[in-house]
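Enquirer: what follows is a protein structure lacking sequence information:
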């Protein structure tokens, strides 16, 4: 009925760890790289009105770029931003993202991503296809950080 | 002489044993498709589709590549060649057996008349 996208994952880590892994530049390579040689650059000004730019892609090709502006920054519970994502054909579109980090039990966090405002269901499905590997990457970062001392 | 490995064949035939996965391969035979495009003809959730794609990927029947925010799938044909070669070798073996059976029966027929 709507062009919204909703994703949920539960991670065995505290909300702070999941929240930081979702946004900090150090973790982004694990989330966005499809191969070890991929170049991932992230600059995140984590405050309301701040900008988050990320580019990622193989070393020999033009990277995908996206730019977001934060509308809600409530560490470690909630994050809101408007993202401009670019498709492989170069066209871009804006969506609203609401990300919540809910502590289900101590050391266990439910991540919910709601992405609204896709121009078409086709675009929503395309982006839905890209999220799983990002959330798996987040799982790897979070597992490593939950197991060891966390250095934000 | 036998180029293919048993474990590769196991994975290939296990991956091919599901009608949805065969349909995915049929679709990809027409050209690469993103996960979003692949999902369209199937009444399936994305995690459901991903599960099938992963099985095909593990069997190297499908290769996936991230392109920006999307993921593109295409055929990885080598394991299918191995499966085809295995079927062809088996077919020839059975043909030889049937030929031998036929000539044996011919000889019996000749001996009894």
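Expert: Yep, it's here. None of these values were measured; they are calculated from a predicted model.

Enquirer: mind listing what's buried in stretch A:98-105?
Expert: A:98-102 (16 or more other CB atoms under 10 Å in any protein chain shown). No exception for glycine: its C-beta is placed from N, CA and C like everyone else's.

Enquirer: tell me which of the residues you listed is nearest to chain B?
Expert: Among the buried residues of stretch A:98-105, residue A:99 lies closest to chain B (CB to the nearest CB), at 15.6 Å.

Enquirer: from residue B:95, how far out is the closest one?
Expert: Using CB to CB, to the nearest Å, we find residue A:99 at a distance of 62 Å from residue B:95.

Enquirer: average model confidence for the longest helix seen in chain B?
Expert: When chain B is parsed with DSSP state H, its longest helix is helix B:78-112. What helix B:78-112 shows for mean pLDDT is 87.

Enquirer: list the buried residues in that helix.
Expert: By neighbour count on 16+ other CB under 10 Å, the buried set for helix B:78-112 is B:79-80, B:82-83, B:86.

Enquirer: in JSON lines: these, plus distance to residue A:138.
Expert: Formatted as JSON lines, the buried residues of helix B:78-112 follow (distance: CB to CB, whole Å):
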{"residue": "B:79", "distance to residue A:138": "31"}
{"residue": "B:80", "distance to residue A:138": "34"}
{"residue": "B:82", "distance to residue A:138": "36"}
{"residue": "B:83", "distance to residue A:138": "36"}
{"residue": "B:86", "distance to residue A:138": "40"}
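
Enquirer: could you list which of those also contact chain A?
Expert: Among those, no residue sits close to chain A (CB under 8 Å from any CB of the partner chain).

Enquirer: ok, those residues vs residue B:25, which is closest?
Expert: Residue B:25 has its nearest neighbour among the buried residues of helix B:78-112 in residue B:80, at 8.2 Å by CB to CB.

Enquirer: for chain A, what spans make up the strands?
Expert: For chain A, the strands defined by DSSP state E occupy A:5-11, A:39-44, A:51-57, A:64-74, A:78-86, A:92-105, A:108-116.

Enquirer: those: which one's closest to residue B:108?
Expert: Among those, the nearest to residue B:108 by CB to CB is strand A:5-11 (69.6 Å).

Enquirer: that closest one vs strand A:108-116, what angle?
Expert: Put simply, strand A:5-11 runs at 170 degrees to strand A:108-116, going by axes from the mean of the first three to the mean of the last three CA atoms, to 10 degrees.

Enquirer: just checking, what packs against strand A:5-11?
Expert: Helices and strands touching strand A:5-11, by 3 or more CB pairs under 8 Å, 6 or more residues apart in numbering or on different chains; DSSP states H and E, are strand A:108-116, helix A:121-147.

Enquirer: which of the ones you listed has the lowest mean pLDDT?
Expert: Note on the helices and strands packed on strand A:5-11: lowest mean pLDDT is at helix A:121-147, with a mean of 92.

Enquirer: identify each buried residue in it, please.
Expert: Using 16+ other CB under 10 Å as the burial criterion, the residues of helix A:121-147 that qualify are A:123-135, A:137-139, A:141-142, A:145-146.

Enquirer: adding distance to residue A:51 and pLDDT, write the buried residues of stretch A:98-105 out as JSON lines.
Expert: Listed next are the buried residues of stretch A:98-105 as JSON lines, based on distance: CB to CB, whole Å; pLDDT from 0 to 100:
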{"residue": "A:98", "distance to residue A:51": "18", "pLDDT": "98"}
{"residue": "A:99", "distance to residue A:51": "17", "pLDDT": "98"}
{"residue": "A:100", "distance to residue A:51": "22", "pLDDT": "98"}
{"residue": "A:101", "distance to residue A:51": "21", "pLDDT": "98"}
{"residue": "A:102", "distance to residue A:51": "26", "pLDDT": "98"}
